[in-house]
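# show me the folded form of this:
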Amino acid sequence: MQERSTGLPARWRLSTNENEFGPAPAAVEAMVAAAQDAHRYPDCAHHSLRRSLARLHGVSEEAILVATGIDGLLAQVCRSLLHPDSPVVTTTGTYPTFAHFAEAAGAVVHTVDYHQDRADAEALADAARRHRAALVYLAEPDNPLGSALGADEVLRLADRLPDSTVLVVDGAYAEYAATRPLDARDVMGRRLLWLRTFSKAHGLAGLRVGYCLYDRTTTAGLDRGLEHYAVGRLAETAARAALDDTRHLERTVALTAAGRTHYQAELAALGCRPLPSETNFVTFRIPGDPRRTGEVTNAMRQRGTYIRPVRTPGRPDLVRLTIGPPAQRAEVLGLLRDLL
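Predicted structure coming up:
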């Protein structure tokens, strides 16, 4: 979209948090082998993928719902659990798609601010009780700031919510988290939806595969109006292969962690202030006049490198960029060094 709007081709597209290390070779091979069956519909309920995910997480297949990435899951959550005028609560400036779908369902969105560059669990709980929220949305780890609360604090938040409130935890970056993330045992018995994706650490963003872990006995109706054949045959095949290739996943997470440390050190040396991150991106403050943020991102774009200004109220000087391999990082840092 940015390339179309500016007419400038991107050499490095570091504004969308794609996996710069690519998909597992096994996933690519599986797609090639499956391509001859592209004329066939997938299983409408995605039993094979759900079975693989159930084994991975140690839950029943009934605890897994498959959809088209996190965005597809958020659409399904809002479509099935919200009604006109339903109150919902989220963080100001966090991943905006939840609020987009909530408003489309007629819900009333209430927001609370970050606290010290982290989601404010206490404020979210207070707002949920005050507004009698149907849903509370939390990106964990957060996008766009990169911070994480950790499972213990998330569960304290879940347990402080009204009995009628469902906590929606967006775990798009869970594989990268250093602080203990949720696991399936945390979800069972709670009104908590844990949304996961193959777009980030598994490197399958172009295929749009996501899933939700939840307890059907505590959160009924999530599959109301669920789209059949949501995930295509090739995408499902690739996702199953990616799950099996644990070595590639571990390598990607390790390379990302090393790149994150490198970026944070080098950005600090340039006078920037990188925020703590448990994701595949680094968010940092541009030094000096906040107006420089737009100038720097525009100048980077002119040079073929797309990074994203963070549109969070009260933080006009923040920029976010995706972590990639060493050669890419060296080139990006060289551009920033010239501009700063």
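# ok, the nearest residue to residue 310 once chain neighbours are set aside - contacts?
Nearest non-adjacent residue to residue 310, counting by Cβ to Cβ, 6 or more residues apart in numbering: residue 318, 3.7 Å away. Glycine gets a C-beta too; all of them are placed from N, C-alpha and C. By Cβ atoms under 8 Å, 6 or more residues apart in numbering, the residues touching residue 318 are 144-145, 275, 283-286, 293, 309-310, 312.
# and for residue 304?
8-12.
# same list (those residues) but as TSV, adding neighbour count and secondary structure.
Shown next, in TSV, are these (neighbours: other Cβ atoms under 10 Å; DSSP: H, G, I helix; E, B strand; the rest coil):
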residue	neighbour count	secondary structure
8	15	coil
9	9	coil
10	15	coil
11	12	coil
12	20	strand
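# okay, now residue 235: neighbour count?
24 (other Cβ atoms under 10 Å).
# quick check: what element follows the host helix or strand of it along the chain?
Using DSSP states H and E, residue 235 maps to helix 233-244. The helix or strand immediately downstream of helix 233-244 is helix 246-269, counting by DSSP H and E.
# buried stuff in that following helix?
Judged by neighbour count using 16 or more other Cβ atoms under 10 Å, the buried positions of helix 246-269 are 248-249, 252-253, 255-257, 259-260, 262-264, 266-267.
# over to stretch 189-205?
In terms of neighbour count (16+ other Cβ under 10 Å), stretch 189-205 has its buried residues at 190-205.
# rewinding a little: a markdown table for the buried residues of helix 246-269, including distance to residue 178 and pLDDT?
What follows is those, written out as a markdown table (distance: Cβ to Cβ, whole Å; pLDDT from 0 to 100):
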| residue | distance to residue 178 | pLDDT |
| --- | --- | --- |
| 248 | 20 | 97 |
| 249 | 16 | 97 |
| 252 | 15 | 98 |
| 253 | 10 | 98 |
| 255 | 15 | 98 |
| 256 | 11 | 98 |
| 257 | 8 | 98 |
| 259 | 14 | 98 |
| 260 | 10 | 98 |
| 262 | 16 | 98 |
| 263 | 15 | 98 |
| 264 | 13 | 98 |
| 266 | 20 | 98 |
| 267 | 19 | 98 |
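# quick one: which of those residues is nearest to residue 217?
residue 249 (30.8 Å; Cβ to Cβ).
# for the closest one, give its distance to residue 279.
15 Å (Cβ to Cβ, to the nearest Å).
# part of a helix, is residue 99?
Yes. Assessed by DSSP: H, G, I helix; E, B strand; the rest coil, residue 99 belongs to a helix.
# who does residue 110 bridge with?
For residue 110, the beta-bridge partners are residue 89 (DSSP bridges).
# tell me if I'm right that residue 260 and residue 322 touch.
No. Residue 260 lies out of contact with residue 322 (Cβ atoms under 8 Å); the separation is 10.4 Å.
# what do the two both touch?
Looking at what touches both residue 260 and residue 322 (by Cβ under 8 Å, 6+ apart), the common residues are residue 280.
# still on that earlier bit, what's the residue nearest to residue 310 sitting at in phi/psi?
When read as degrees, to the nearest 10, the backbone of residue 318 gives phi -90, psi 140.
# any idea how far it is from residue 302?
Distance of residue 318 to residue 302, given as Cβ to Cβ: 20 Å.
# likewise residue 132?
Counting by Cβ to Cβ, the gap from residue 132 to residue 302 is 49 Å.
# and the spatially most central residue of the chain, which of the three is it?
Nearest to the geometric centre of the chain sits residue 172, at 3.1 Å (Cα atoms, centre = their mean). Recorded secondary structure, residue 172: coil (three-state DSSP).
# so it touches residue 201, yeah?
No. Taking contacts as Cβ under 8 Å, residue 172 lies outside contact range of residue 201: 9.1 Å.
# what about the strands in the stretch 151-300 of the chain?
Using DSSP state E, counting those that start in this stretch, the strands of the stretch 151-300 of the chain run over 166-170, 192-197, 210-213, 273-274, 281-285.
# please name the nearest non-neighbouring residue to residue 16.
Closest residue in space to residue 16, ignoring its immediate chain neighbours: residue 322 at 7.2 Å, by Cβ to Cβ, 6+ apart.
# wait, residue 80
Using Cβ to Cβ, 6+ apart and skipping residues adjacent in sequence, the residue nearest residue 80 is residue 224, 4.2 Å away.
# extract the residue ranges of this structure that are flagged as low pLDDT.
Along the chain, the model assigns pLDDT under 70 to residues 1-8.
# residue 241: neighbouring residues, count only.
Residues near residue 241, counting by other Cβ under 10 Å: 24.
# how near is it to residue 26?
Residue 241 sits 5 Å away from residue 26, going by Cβ to Cβ.
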